[in-house]
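Trainee: Need the 3D shape of this:
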Amino acid sequence: MITYGGEARFLVAPVLVQPRSTTTAAMPDEAIAQGHTSARRAHLPAAAARRLRTGRVGDELYDDTYTLLVTRQWPLHLAEDGVREWWPALAPSLTLLRMRRGASNLSMTWEDFAGRYRAELNVLPLHVQHTYLVWLGHLLAKYPSVTPLSCEPSRGQPEALVQSQRRVLHDWLVS
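Mentor: From the prediction side, this is the model:
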């Protein structure tokens, strides 16, 4: 649990992975050089996957959806009761986010970002991947829908077409 304002309100994740650990911050080339492979075998069943939605922080959502914030850092504008859980370990590394935003000398295309983010997810230890999937399955069994949230705008596009980390995570969880 994480404590905000003296109250334990948010489950960080079923398993907490430190944001700057080598398993979450490794870039794809480094991960391969370190001997990590993509051995992920589990995914959400199709019936559960249909109830996994995505959304933007601040957008109007269904009242009965269970919201998961998937960002490395808590957004300054988000109130403590704005989401039900925070899963920073499944968010892209800060290095990757800086590269995507062009904050470093290495700017990248959307396709490069999505590929590297998937690689970061794939190098998470299998027990961490499975723990998140099991917990997500539990949430989907308990609630009508679960919605991972991130901060990127949709720019008027339908949510399924938005180029955002939440869509990459959605696709990773269901594939």
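
Trainee: Off-centre distance for the strand or helix carrying residue 67?
Mentor: Following DSSP states H and E, one finds residue 67 within strand 65-69. Distance, stretch centre to chain centre, for strand 65-69: 11 Å (C-alpha atoms, centre = their mean, to the nearest Å).

Trainee: Kindly report the same for stretch 92-112.
Mentor: Relative to the centre of its chain, stretch 92-112 is centred 16 Å away, using C-alpha atoms, centre = their mean.

Trainee: Please go through this structure and pick out the longest helix.
Mentor: Ranked by residue count under DSSP state H, the longest helix found in the chain is helix 126-142.

Trainee: From the contact counts, what lies against it?
Mentor: Counting contacts by 3 or more C-beta pairs under 8 Å, 6 or more residues apart in numbering; DSSP states H and E, helix 126-142 packs against helix 46-49, strand 145-150. To be clear about C-beta, it is placed using only N, CA and C from the backbone, and glycine gets the same treatment.

Trainee: what are the pairing partners of the strand holding residue 67, and which direction each?
Mentor: In the sheet, strand 65-69 lines up against strand 85-86 (parallel), strand 145-150 (parallel) (DSSP bridges).

Trainee: List the buried residues for stretch 166-175?
Mentor: 166-170, 172-173 (16 or more other C-beta atoms under 10 Å).

Trainee: Can you tell me which of these comes closest to residue 100?
Mentor: Checking the buried residues of stretch 166-175 against residue 100 with C-beta to C-beta, the nearest one is residue 168 at 11.1 Å.

Trainee: and that closest one, what is it in contact with?
Mentor: Residue 168 is in contact with 114, 117-118, counting by C-beta atoms under 8 Å, 6 or more residues apart in numbering.

Trainee: Tell me which residues of the longest helix of the chain come out buried.
Mentor: Those buried within helix 126-142 under the rule 16+ other C-beta under 10 Å are 128-133, 135-136, 139-140.

Trainee: just the angle between the strand holding residue 67 and helix 126-142, please?
Mentor: Orientation check (axes from the mean of the first three to the mean of the last three C-alpha atoms, to 10 degrees): strand 65-69 against helix 126-142 gives 150 degrees.

Trainee: residues in contact with strand 65-69?
Mentor: By C-beta under 8 Å, 6+ apart, the surrounding residues in contact with strand 65-69 are 53, 55, 57, 61, 75, 78, 82-87, 139, 142-150.

Trainee: Mind giving me the ChimeraX command for buried ones among these?
Mentor: With 16+ other C-beta under 10 Å as the criterion, this ChimeraX line picks the buried residues out of the contacts of strand 65-69:
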select :53,55,57,61,78,83,84,85,86,87,139,145,146,147,148,149,150
